[in-house]
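K.L.:
Structure for the following, please:
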Amino acid sequence: MYKKTALATAMLAAIMAQIASAQAQQEEQVEEVIVQGIRSSLTKALDIKRESTQIVDSIVAEDIGKFPDNNVIEALSRVTGVQTTGRGNGEVSGISIRGLTDVHTTVNGRDVFTGAGRAVALQDIPASLLSGVTVFKTRSADQVERGIAGSVDIKTHRPFNFDGEKVVLAARGIYADQTEEVDPNLSALYSNRWELESGGEFGALVNVSYVETNYRNDTMTAGAVFPYFSAEPHSSYAPYQMIPNSHNNTPVWQAGLENGIPSSAGSTLTLDGQEYEYLLMRDAVFGTSFTGLRERPAASVSLQWAPNDELEVTAEGFYTGYRNESQNAMWFSNTLEHQNGNIDIPIVYEGTNVVKEHQGRDNGGFQSGDYATGKTDSYLYALGAKWTPAENVTVNSEIVYQDSKYTTDFFAMRFERVAYGLDVDYNDKDGVPSLVFWDNPTTTAIDESDMTDVGNWKASGMWDNGGGNQGDSTSFVTDVEWKLDGNFIQSVKVGGRYEQRNAQDFSRGQDSWNHGGRTLSQLMDALVAAGASGDGSGLIFTVDDYFQGRANIFDSYIAADGSYLLANADAVRSVYGLEKETTHQTFDITEDSSALYATTKFNLTEALSGELGVRYVNYEQDMEFWAETGTNTNVFNHNIGNGKADKVLPSLVLNWNITDDVVGRFAYTQTLRMPNFGDLNPLQYFQDPLTDVPYGTGSGGNPDLKPTESTNYDLSLEWYFAEGSSLYGAVFKREIEGLVIGGRKTIRRTGNDGVERDYVISTAVNAADGELSGLEIGLVYFPDNLPTMLDGLGLQASYTMLDSEQKTPEFGLDGSISGYVDSKMSGVSDSSYSVVLAYDKEAYEARLSYVWREQFYTGNEAAIFANPIQFWSRPEQSLDLQLSYDVTDNLVVTFDATNLLDDVYQSYYGEGNQNLFNFGNAIFSKTFALGARYSF
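P.N.:
Residues are numbered from 1 along each chain as shown. The predicted model follows:
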């Protein structure tokens, strides 16, 4: 530890010495140096940070269409305090700001959403439409209050941003190693502005994008844990049989504990007053190969008209689309049988009772072929004006309409069998399990170890689901800002915002097991007889090169081809005794929200300024919910409810120009997270007590949910020691109240038996509180006067340290709180960092980006198992490369590569148990892309 600290101190001292030298050299320079490319984009981002009243971080495109990333989330991975996670389905899709995932998103300052959700699918927004992105870590009173993590504002191009006509054409071909496909990423921009004969100016811009992605993810998972008897069980049970939760109405072991039940060697459970040693074993191993094709069309249109110097009118449209077809081929094998064990030679981890490997016999299993289609179309239209009737007065008004619709269809079918026997190791290679099936020596017609042999499988159940959701909103915002000549008050802004939001959800679902037990050949014949296409062989989907040979597992296996099921849906339904089900509505919500705000910017001294603000918000919901009373019944319960919430949110930001190069900031703000629409379901189901217990039970939604509230404290210090270079840091704290969790609440009502009593219902409740604090440090540095070989090198680096705590209540069966569990907040890594080594000289640019985050808690398993209840992810890292070369002033060629480290992404049960209670493993594609961009 001492050596590491000393080395870090020496490195920091060297950097600081270089920075001091750079600052001294800058002060001596007279000639202005104009920079372009990567260095220019980082300089512009620092200018935005320095000039902002709030604490922000930004990224700016080096040139039109020149973000080296596929979507907004990938572009944000290099921003200080932002953590991204997951590379599933060919893209990075998860984002958090300072550890929190409730990120509010705007496009050109306008609130956006997808479908009936409150958030937007950020990955639907291609990087090619962006001119820049700003991450707000504090919030002014004139900004939308939602998003306790922070807010991301996406800036698109506008015609008045350019001097005249501009045309940009860009194309990339992206190769993914798992799918072995080359996918197109295309974009085009046209912009121009014209002087009008009547005076003034008009501009028009069109920016379009199309991205196509073939993807594949392979996963392997060791299942959940139960206690099993050893070779010497209770007399009522067989050796290695699962131990039930209760015996003779007496509890034996408790599921869902934070640390699980004891796992040390010799641990015992009590049955009938006797102590019995037990083993902790998984009951299954399973995995998937998830493949698909995704398309994302997108467009941005901007019209600007300035008839004179006082008025500017902007009309804009923004469209994002999503098309997805995916096949999930899943295999699942029970590794032991609950009733009689059927295992041999269990081997435990040393010093524990946790089984690492064993043999099994007569193991049931299934293969599931799931096919899903999804389609989203989201439109935003805005008409706004900026009017300056006097030099010191500015009026902004805008009306925005949004419409977003998502639809999906899903078909699935299972094949099943009982395997002769197997060898399983739940942790064969650093968290990756192994599974080898035995061939049955008494069967010569088929090889039972061959997972692709159709003769090994029989038909089982099928599922036919679908639905979607849609949302629309109309909002109007207006404000007036007065700039004053006073020494203290610099400006005053007052304004208001009104929005009416509608959200609907639709669903259908049915299943059948009527064809179970027949051979696959019999099923294929029945499908053809019912009108399915071909000879029925299209039912079989084969996975090859499973898990890329990284595990001791079969290389290939079969499952139902979901695309064949969906294409022949009527025939499949007919064979299984079903008819096409109509879609029914599950909820319809209208939400009216309004806000009034006022801000004032002030100067306390020549060096100390700030902004004081207050925002009042009010939300009111009218809700209708429907729920089918049972599977395939088409009989629905219906309920109507309403909700209301209002809040006054103060804010204060102080900016202190300590020197010409050093800026300090302090911020106190409050933000909200509104409940998800689905959680507000007023439908509730009640059960009268069947014994002498004095209360009934029930389940349902909770229309009384309140917003989650966060009080935020931020303190930052920024040193701009050279042109385009800065060292900055911040400390922060979030005090969060009313987190929504699964819990219980008590309702007083009259039961079906006419008796008034309390009913304890399982529902979503505002019952948990959390606290998040941390430190973040960032550095952007392009040293001058380097040797010729190194001239053009620069560094962009950031480090974030977080400490989180969440108090979650444990509920008794009667609804009372029996205690509190202290845990980490979900999705929060204690530390993370990114390092970008940049090169920018003449016609060449390069960027090598490394991102790392520490292990993190991701949520809880169902409380029915013996393992620790918490899910954790192992540390994650990624290494990406981008290169570009300016062939001419108009033509640039590019090469980029992602996921170069090609890691296995892994999860486990319980903090620190990555080997003893390993869980999931996933591998994602490396990608390599060649591209060209032509502009004039």
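K.L.:
Who is V395 paired with across the strands?
P.N.:
With DSSP bridges as the criterion, V395 is bridged to W387, V480.
K.L.:
For it, give its distance to N918.
P.N.:
According to Cβ to Cβ, to the nearest Å, V395 and N918 sit 61 Å apart. Yep, even glycine has a C-beta here, placed from its N, CA and C like the rest.
K.L.:
neighbour-wise, which of these two wins?
P.N.:
N918 (23 against 15; other Cβ atoms under 10 Å).
K.L.:
Grab the nearest non-local neighbour of that one.
P.N.:
Once flanking residues are discounted, N918 sits nearest to G431: 4.1 Å by Cβ to Cβ, 6 or more residues apart in numbering.
K.L.:
go on, W194?
P.N.:
Nearest to W194 is F202, by Cβ to Cβ, 6+ apart, at 5.4 Å.
K.L.:
Run through the bridge partners of the one you found.
P.N.:
Going by DSSP bridges, F202 forms beta bridges with W194, W305.
K.L.:
Where does pLDDT dip in the stretch 701-850 of the chain?
P.N.:
Applying pLDDT under 70 to the stretch 701-850 of the chain flags the ranges 812-815.
K.L.:
Tell me where it has helices.
P.N.:
Along the stretch 701-850 of the chain, no segments are classed as helices by DSSP state H, counting those that start in this stretch.
K.L.:
Show the residue spans covered by the strands in it.
P.N.:
708-722, 725-750, 756-781, 793-811, 817-823, 831-841, 844-853 (DSSP state E, counting those that start in this stretch).
K.L.:
For the nearest residue to D561 once chain neighbours are set aside, give me its contacts.
P.N.:
Closest residue to D561 apart from its sequence neighbours, by Cβ to Cβ, 6+ apart: F541 at 3.7 Å. By Cβ atoms under 8 Å, 6 or more residues apart in numbering, the residues touching F541 are 327, 329, 369, 558-562, 564.
K.L.:
Show the subsequent helix or strand relative to the lowest-mean-pLDDT helix or strand in the chain.
P.N.:
Least confident helix or strand of the chain, by mean pLDDT, DSSP states H and E, is helix 2-28 with a mean of 42. Next helix or strand after helix 2-28 toward the C-terminus (DSSP states H and E): helix 37-51.
K.L.:
so what does that next one touch, helix or strand wise?
P.N.:
When contacts are defined as 3 or more Cβ pairs under 8 Å, 6 or more residues apart in numbering; DSSP states H and E, helix 37-51 sits against strand 56-60, strand 130-136, strand 708-722, strand 725-750, strand 756-781, strand 793-811, strand 831-841, strand 844-853.
K.L.:
CA-only coordinates of the first one, as CSV, when you get a sec.
P.N.:
Presented in CSV, the C-alpha positions along strand 56-60 are these (Å, rounded to 0.1, in the frame of the first residue of the first chain):
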residue,chain,number,x,y,z
VAL,A,56,-22.0,20.8,-15.6
ASP,A,57,-19.8,18.7,-17.9
SER,A,58,-20.1,18.6,-21.7
ILE,A,59,-19.0,16.9,-24.8
VAL,A,60,-18.9,18.7,-28.1
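K.L.:
strand partners of that strand, parallel vs antiparallel please.
P.N.:
strand 130-136 (antiparallel).
K.L.:
Could you pull up the mean pLDDT of the partner strand?
P.N.:
Mean pLDDT, strand 130-136: 92.
K.L.:
Any idea how far that strand is from the middle of the chain?
P.N.:
19 Å (Cα atoms, centre = their mean, to the nearest Å).
K.L.:
tilt between it and helix 37-51?
P.N.:
40 degrees (axes from the mean of the first three to the mean of the last three Cα atoms, to 10 degrees).
K.L.:
I figured A571 hits D525, correct?
P.N.:
No: shown here, A571 and D525 do not form a contact pair, counting by Cβ atoms under 8 Å, at 11.8 Å.
K.L.:
what about those two, which has more around it?
P.N.:
Each of A571 and D525 has its neighbours counted (other Cβ under 10 Å); A571 has more, 19 against 16.
K.L.:
residue contacts, that one?
P.N.:
By Cβ under 8 Å, 6+ apart, the neighbours of A571 are 527, 530-532.
K.L.:
What about the residues you listed, which are in helices?
P.N.:
Among those, the members falling in helices (DSSP state H) are L527.
K.L.:
CSV for the contacts of A571, including distance to D661, neighbour count and pLDDT?
P.N.:
Shown next, in CSV, are these (distance: Cβ to Cβ, whole Å; neighbours: other Cβ atoms under 10 Å; pLDDT from 0 to 100):
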residue, distance to D661, neighbour count, pLDDT
L527, 74, 25, 95
A530, 77, 15, 95
G531, 77, 12, 95
A532, 73, 24, 96
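K.L.:
nearest residue to H104 other than its sequence neighbours?
P.N.:
Per Cβ to Cβ, 6+ apart, closest to H104 is G147, 2.6 Å.
K.L.:
Then A75?
P.N.:
D69 (4.2 Å).
K.L.:
mind listing what the one you found touches?
P.N.:
75, 77, 127.
K.L.:
next one: L539
P.N.:
520, 523-524, 527, 560-561, 564-565.
K.L.:
Quick one: low-confidence residue ranges for the protein.
P.N.:
Ranges of the chain meeting pLDDT under 70: 1-36, 62-68, 338-341, 444-445, 516, 629-636, 690-693, 812-815.
K.L.:
Neighbours of A61, how many?
P.N.:
Neighbours around A61, by other Cβ under 10 Å: 20.
K.L.:
before we move on, what about T443?
P.N.:
12.
K.L.:
same check, this time on I658
P.N.:
I658 has 13 nearby residues by other Cβ under 10 Å.
K.L.:
Look up the closest residue to it, ignoring the ones flanking it.
P.N.:
G664 (5.6 Å).
K.L.:
Check which helices and strands the one helix or strand that neighbour maps to sits against.
P.N.:
Using DSSP H and E, G664 maps to strand 662-673. With contacts defined as 3+ Cβ pairs under 8 Å, 6+ apart, strand 662-673 has these neighbours: strand 636-657, strand 708-722.
K.L.:
can you do 10 Å?
P.N.:
Applying 3 or more Cβ pairs under 10 Å, 6 or more residues apart in numbering; DSSP states H and E, one finds that strand 662-673 contacts helix 37-51, strand 103-107, strand 608-628, strand 636-657, strand 708-722, strand 725-750.
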